[in-house]
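Undergrad: below are the sequence and a predicted model for it; my questions follow.
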Amino acid sequence: MTVDARGKACPQPVVMALHALAELPAGEELDVLVDNDAAVQNLCRMAAQKGRSAAVSQEENFWHVCIGEGAVDPQAASLPQVDCCGLSAQAAVVAVGTDVMGRGSDELGRALVKSFLYALAQLEVPPRTLLFFNGGAKLTVEGSQSLEDLRTLEAAGTEILTCGTCLDFYGLKDKLAVGSITNMYRIAQILTEADRLVNL
C-alpha cells in the first residue's frame, strides 16, 4: 500500500500513515512518500513506537519510508519529535483534569472526552502539550478508550504528561500506557508559560 504525503504539512504524514496502517493487510508493507526530512524522522519514530520496522530511501525530490513488520531499529524509538509546524509558537497546551466533559451525565461526559481527544488528533496543528491530572489521569492508562488517539498525538509531536501523584492516588502508576509521568512543579511551569491554554 502506498500513501502519498508529499506536500502535506506536519503532522498529516504521520496521521495519514496511522490511518493506512489500521487498514493494512497482515504481511504487507506501507510505503509513505514524503518531501521533508522532519516527516521522515517522525514516521520512523512512529513506526518504532508501533513495533514496526522503517526503511528509508531517497529519490531526487522526496523520500520513501517503507513501514513493515521486520525488526525494529532500537534507535528509532528515541528519535526526538521534530517540531515541523512551529508548535512552540502556535499550538496550545491542553489541561485535562477530568475523565468526563461538561456537567450532567457522566456517561455522556465520557463519550464527549473521547470525541474531543479524537478531534485533537485530527487537527492540522496538534497541541504542544497535553497535561492529565486528577480524574484525567485515567485517560492515559491501560484500558482507556482514548489510547489510540493519544498515541497518534504523541507520534505527531504532542508531549503527553500525567501527574504522578494522581496516578498513585488512583492506584494506576504501573498502568500508564502513553506519555510519561510528571510532577506538579512541571505542570505549574508549563501552565504559567503557555501562550495558549485550554482547560477541560
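TA: Perfect, thanks for sending it. Numbering: from 1, shown residues only.

Undergrad: alpha carbons only for contacts and neighbour counts from here, please
TA: Will do.

Undergrad: distance of residue 107 relative to residue 113?
TA: Distance, residue 107 to residue 113, using C-alpha to C-alpha, to the nearest Å: 10 Å.

Undergrad: between those two, who's got more neighbours?
TA: Neighbours were counted for residue 107 and for residue 113 using other C-alpha atoms under 10 Å; residue 113 has more, 22 against 10.

Undergrad: could I get the buried residue list for the helix or strand hosting the more buried one?
TA: Using DSSP states H and E, the element containing residue 113 is helix 106-122. Neighbour-count burial for helix 106-122 flags 109, 110, 112, 113, 114, 117, 118, 120, 121, 122 (criterion: 16 or more other C-alpha atoms under 10 Å).

Undergrad: now stretch 51-67
TA: 51, 52, 53, 54, 56, 62, 63, 64, 65, 66, 67.

Undergrad: the helix holding residue 113 packs against which elements?
TA: helix 147-155 (3 or more C-alpha pairs under 8 Å, 6 or more residues apart in numbering; DSSP states H and E).

Undergrad: mind running it again at 10 Å?
TA: helix 12-23, helix 147-155 (3 or more C-alpha pairs under 10 Å, 6 or more residues apart in numbering; DSSP states H and E).

Undergrad: okay, those helices, which one's buried deepest?
TA: helix 147-155 (a mean of 22; mean count of other C-alpha atoms under 10 Å).

Undergrad: run the angle between the very next helix or strand once past that one and helix 147-155 for me.
TA: Note on helix 147-155: by DSSP H and E, the next helix or strand toward the C-terminus is strand 159-163. Comparing the axes of strand 159-163 and helix 147-155 via axes from the mean of the first three to the mean of the last three C-alpha atoms, to 10 degrees yields an angle of 120 degrees.

Undergrad: so residue 200 sits against residue 134, correct?
TA: No. Contact criterion C-alpha atoms under 10 Å: residue 200 and residue 134 do not qualify, at 11.8 Å.

Undergrad: give me the common contacts of these two.
TA: Both residue 200 and residue 134 are contacted by 96, 97, 98, 99, under the criterion C-alpha atoms under 10 Å, 6 or more residues apart in numbering.

Undergrad: give the contact list for the second one.
TA: Meaning residue 97. Taking C-alpha under 10 Å, 6+ apart as the definition, contacts of residue 97 comprise 131, 132, 133, 134, 135, 136, 137, 138, 163, 199, 200.

Undergrad: need phi/psi at it.
TA: Main-chain dihedrals, residue 97, degrees, to the nearest 10: phi -100, psi 10.

Undergrad: kindly check the end-to-end length of stretch 160-176 for me.
TA: End-to-end distance (C-alpha to C-alpha), stretch 160-176: 11 Å.

Undergrad: what comes up buried for it?
TA: Quick answer for stretch 160-176 (16+ other C-alpha under 10 Å): 160, 161, 162, 163, 164, 165, 166, 167, 172, 173, 176.

Undergrad: quick check: the first one touching residue 132?
TA: Translated: residue 160. Yes. Contact status for residue 160 versus residue 132: in contact at 7.9 Å, counting by C-alpha under 10 Å.

Undergrad: tell me, what's touching the two both at once?
TA: Both residue 160 and residue 132 are in contact with 94, 140, 181, 182, where contact means C-alpha under 10 Å, 6+ apart.
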